[in-house]
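**Q** Below are the sequence and a predicted model; questions follow.
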Amino acid sequence: VGDRTMSWNLHQHLGLDLFDLHDKQYSFDNHLIGFIGFLFVMTGLILRSWAAGVITKNKKLTTGGPYSLWRHPLYIGSLLLTIGFCIIFRDWFLWIIVLSLVIMIYLPKIKEDEEKLQRIFPDQWESYCNTTSMLLCRNVRLKNLLSGWSLSKWFQNKEYNAWIAVVVVLTVIEIWHIYY
């Protein structure tokens, strides 16, 4: 275990050291795949943080920031995070589980959220739906993208938990690769 254990670093698992190929078991392709997974994780985390710093839940229909692109950027961010971890783990069974969970949990939750928002904001909801897609970006309105982010909202929405979870999972991946 000695030298091999010492050669493992988180940056290698995530592909951040693409040219450190001293261990023949790991190729450039594996590093690149890990790096792509890491980019998905970080993109999802940043999107979630952006959305959490803008949203005012149940008090005002949030239509600025990422909500000007999608009606559910928090879910999209979570999905990107999950896809990133699936890429990092390189496990097809995990992909099947994740896809099943998305279909069984996220889609009904999105429908429930939309019905709730329509009840709370009946005058604004229809107009918002006509200009903003549920999960795919339809229109980009630059002035709306830059509006309303606040660190206090980010903390109020407890988005730091997502960052903590990512650090924990990446640490577990590192420990797993060192010892197993």
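**A** Cool, got the structure. Quick caveat, the model's predicted, so the values are computed rather than measured.

**Q** got any ranges where this protein has weak pLDDT?
**A** 1-29, 138-146 (pLDDT under 70).

**Q** by contact count, what packs against the longest helix seen in the chain?
**A** Longest among the helix segments of the chain by residue count, using DSSP state H, is helix 28-52. Contacts defined by 3 or more C-beta pairs under 8 Å, 6 or more residues apart in numbering; DSSP states H and E place helix 28-52 against helix 10-13, helix 73-89, helix 151-156, helix 160-179. Heads up, the C-betas are built off the backbone N, CA and C, glycines and all.

**Q** That one vs helix 160-179, what angle?
**A** For helix 28-52 against helix 160-179, the angle by axes from the mean of the first three to the mean of the last three C-alpha atoms, to 10 degrees is 160 degrees.

**Q** Helix 28-52 vs helix 73-89, what angle?
**A** 160 degrees.

**Q** Nearest the geometric middle of this protein, what residue?
**A** Closest residue to the average C-alpha location of the chain: residue 44 at 2.3 Å, with C-alpha atoms, centre = their mean.

**Q** For that one, give its distance to residue 82.
**A** Going from residue 44 to residue 82 by C-beta to C-beta, to the nearest Å gives 8 Å.

**Q** In terms of helices and strands, where is the nearest residue to residue 120 once chain neighbours are set aside?
**A** Residue nearest to residue 120 in three dimensions, not counting chain neighbours: residue 58, with 6.1 Å by C-beta to C-beta, 6 or more residues apart in numbering. With elements taken from DSSP states H and E, nothing contains residue 58; it lies in neither a helix nor a strand.

**Q** ok, residue 58 to residue 119 distance?
**A** 10 Å.

**Q** Equivalent analysis for residue 42, please.
**A** Distance from residue 42 to residue 119, counting by C-beta to C-beta: 35 Å.

**Q** between these two, which one's more packed in?
**A** residue 42 (15 against 9; other C-beta atoms under 10 Å).

**Q** what's the more buried one in contact with, if anything?
**A** By C-beta atoms under 8 Å, 6 or more residues apart in numbering, residue 42 lies in contact with residue 84.

**Q** and it, how far is that from residue 74?
**A** With C-beta to C-beta as the criterion, residue 42 and residue 74 are 16 Å apart.

**Q** now swap in residue 165 and tell me
**A** Distance check for residue 165 against residue 74: by C-beta to C-beta, it reads 14 Å.

**Q** quick one: which of these two has more around it?
**A** Taking other C-beta under 10 Å, residue 165 and residue 74 do not tie; residue 74 has more neighbours (22 against 12).
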